[in-house]
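Trainee: Next come a sequence and a model predicted from it.
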Amino acid sequence: MRALLASGVFVIASTLFAACAIIDTDDPRPVAECVVCRFNGDLGCVRVRIDETTPFADYKGQRYYFCCEDCRDAFIAGPEKYLRPAGEGR
Ligand SMILES: [Zn+2]
């Protein structure tokens, strides 16, 4: 399932930004940013609606939410990379 999803998302995301769920602005649930997608410039997936099924990780006392489990796994593997302010270290 995950491999299929990853390859499918890659193909779709490379052609259009509708790979991730569209955020309905009428939905009252809070929205967070997927820091992995923000880092990757995948703007179509950056906004993540928070509910009981949203993947998340706690890091240094802060809770981060992700658009998918793949992004969460990538974050856990190297959180500092994704939390670094844009442009720093270049
Ligand atoms: Zn993501």
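Mentor: That came in fine, so what should we check first? Only a predicted model underlies this, so the values are computations on that prediction, with no experimental measurement involved. Numbers count the residues shown, from 1 in each chain.
Trainee: from here on, contacts and neighbour counts on C-alpha atoms
Mentor: Noted.
Trainee: Can you classify Tyr64 by secondary structure?
Mentor: Under DSSP: H, G, I helix; E, B strand; the rest coil, the three-state class of Tyr64 is strand.
Trainee: so how far is Val46 from it?
Mentor: Counting by Cα to Cα, to the nearest Å, the gap from Tyr64 to Val46 is 12 Å.
Trainee: which neighbours do these two share?
Mentor: Common neighbours of Tyr64 and Val46 are listed as 34-35 (criterion: Cα atoms under 8 Å, 6 or more residues apart in numbering).
Trainee: Show me which of these two is the more surrounded one.
Mentor: With neighbours defined as other Cα atoms under 10 Å, Tyr64 and Val46 compare such that Val46 has more, 21 against 17.
Trainee: May I have the residues that are in contact with the more buried one?
Mentor: For Val46, the contact set (Cα under 8 Å, 6+ apart) comprises 33-35, 37-38, 67.
Trainee: Please repeat the previous calculation with a cut-off of 10 Å.
Mentor: 20, 31-40, 66-67 (Cα atoms under 10 Å, 6 or more residues apart in numbering).
Trainee: Now for Arg29, how many residues are close by?
Mentor: If we define neighbours as other Cα under 10 Å, then Arg29 has 11 of them.
Trainee: per-residue confidence at it?
Mentor: If you check Arg29, the pLDDT there is 84.
Trainee: Tell me the secondary structure of it, please.
Mentor: coil.
Trainee: you'd agree it is up against Thr54?
Mentor: No. With contact defined as Cα atoms under 10 Å, Arg29 does not reach Thr54; the gap is 11.5 Å.
Trainee: Can you tell me the closest non-neighbouring residue to Arg72?
Mentor: Nearest residue to Arg72 in three dimensions, chain neighbours excluded: Phe66, at 5.8 Å (Cα to Cα, 6 or more residues apart in numbering).
Trainee: Surely the one you found and Asp58 touch.
Mentor: No. With contact defined as Cα under 10 Å, Phe66 does not count as touching Asp58 (11.4 Å).
Trainee: Those two: which is more packed in?
Mentor: With neighbours defined as other Cα under 10 Å, Phe66 and Asp58 compare such that Phe66 has more, 26 against 10.
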